[in-house]
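In: only the shape, not the letters, is given here:
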């Protein structure tokens, strides 16, 4: 049975290149030590506003 780690992104995080770089670096580290799949979803609100 698949039990993915679901990460909901939105708000200020999506407006900050530095925050996104740090998040994805952390996700790379996570994937190197865990087999659990990741699902990244948009947190809602307006896209591209």
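Out: Perfect, thanks for sending it. Only a predicted model underlies this, so the values are computations on that prediction, with no experimental measurement involved.
In: so which residues make contact with the helix-or-strand element of the chain with minimal mean pLDDT?
Out: Least confident helix or strand of the chain, by mean pLDDT, DSSP states H and E, is helix 12-15 with a mean of 86. Contacts with helix 12-15, where a contact means Cβ atoms under 8 Å, 6 or more residues apart in numbering, come from 19-20, 23. (Each C-beta comes from the backbone N, C-alpha and C, glycine too.)
In: tell me how many other residues surround the residue lying closest to residue 38 once chain neighbours are set aside.
Out: Using Cβ to Cβ, 6 or more residues apart in numbering and skipping the chain neighbours, the partner closest in space to residue 38 is residue 5 (5.3 Å). Residues near residue 5, counting by other Cβ atoms under 10 Å, number 13.
In: in the least confident helix or strand of the chain, which residues are buried?
Out: With burial defined by 16 or more other Cβ atoms under 10 Å, not one residue of helix 12-15 is counted as buried.
In: give me the contacts around the helix or strand just after that helix.
Out: Once the chain leaves helix 12-15, the next helix or strand it forms, by DSSP states H and E, is helix 17-33. Under the criterion Cβ under 8 Å, 6+ apart, residues 5, 7, 9, 12-14, 38 lie in contact with helix 17-33.
In: setting aside sequence neighbours, what's the nearest residue to residue 7?
Out: Nearest residue to residue 7, sequence neighbours excluded (Cβ to Cβ, 6+ apart): residue 40, at 5.0 Å.
In: in what helix or strand does that neighbour lie?
Out: Residue 40 belongs to strand 38-42, assigned by DSSP H and E.
In: how far does that strand sit from its chain's centre?
Out: 6 Å (Cα atoms, centre = their mean, to the nearest Å).
In: great, nothing more from me.
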